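> A structural model of the following input is requested.
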Amino acid sequence: MSEATTVEKPEEFVERRQRTSSAPGRERRQFTNSHVELSNEARELAHAIDEYKLRHRRRFITYEEMLSVFTELGYHRD
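Next comes the predicted model:
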């Protein structure tokens, strides 16, 4: 006895790479969108990283880029 197999049609391809939001400057974030729970210093760093990503049109940043944000804020290793 053989069972009848049903062939399903593949679903239509949905393009998800196109920007759906028309809000200028709105990007997916590597980190959280809310900085409310952070200390003042961490909030300053979070805003600096967000600004860097917007300025350089980067969704995610590397450690080297993060280090450059730190040095732009005046941090240095003793």
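> State the pLDDT value of Pro10.
Pro10 is assigned 70 on the pLDDT scale.
> Any figure for the gap between it and Arg16?
16 Å (C-beta to C-beta, to the nearest Å). All C-beta spots, glycine's among them, are computed from the backbone N, C-alpha and C.
> again, but for Thr62
25 Å.
> who's more crowded, these two?
More crowded of Thr62 and Arg16, by other C-beta atoms under 10 Å: Thr62, with 9 against 6.
> Please list all residues in contact with the more buried one.
Applying C-beta atoms under 8 Å, 6 or more residues apart in numbering to Thr62 gives no contacts.
> now the one 4 residues further on
Contacts were defined as C-beta under 8 Å, 6+ apart; by that measure Met66 touches Ile49.
> ok, then the element right after the longest helix seen in the chain?
If you go by DSSP state H, the chain has its longest helix at helix 40-55. As assigned by DSSP states H and E, the chain's next helix or strand after helix 40-55 is helix 63-72.
> Output that next one in PDB with nothing but the alpha carbons.
C-alpha atoms of helix 63-72 as PDB (Å, rounded to 0.1, in the frame of the first residue of the first chain):
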ATOM      1  CA  TYR A  63      36.300  46.000  18.500                       C
ATOM      2  CA  GLU A  64      38.700  48.300  16.600                       C
ATOM      3  CA  GLU A  65      35.800  50.700  15.900                       C
ATOM      4  CA  MET A  66      34.700  50.500  19.500                       C
ATOM      5  CA  LEU A  67      38.200  51.300  20.600                       C
ATOM      6  CA  SER A  68      38.200  54.400  18.400                       C
ATOM      7  CA  VAL A  69      35.000  55.500  20.100                       C
ATOM      8  CA  PHE A  70      36.600  55.100  23.500                       C
ATOM      9  CA  THR A  71      39.600  57.100  22.500                       C
ATOM     10  CA  GLU A  72      37.400  59.800  20.900                       C
END
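> How about that helix, which residues are buried there?
Within helix 63-72, the residues that count as buried by 16 or more other C-beta atoms under 10 Å are Val69.
> tell me the mean pLDDT over that helix?
For helix 63-72, the mean confidence score works out to 95.
> what do you get for stretch 45-60?
In this model, stretch 45-60 has a mean pLDDT of 93.
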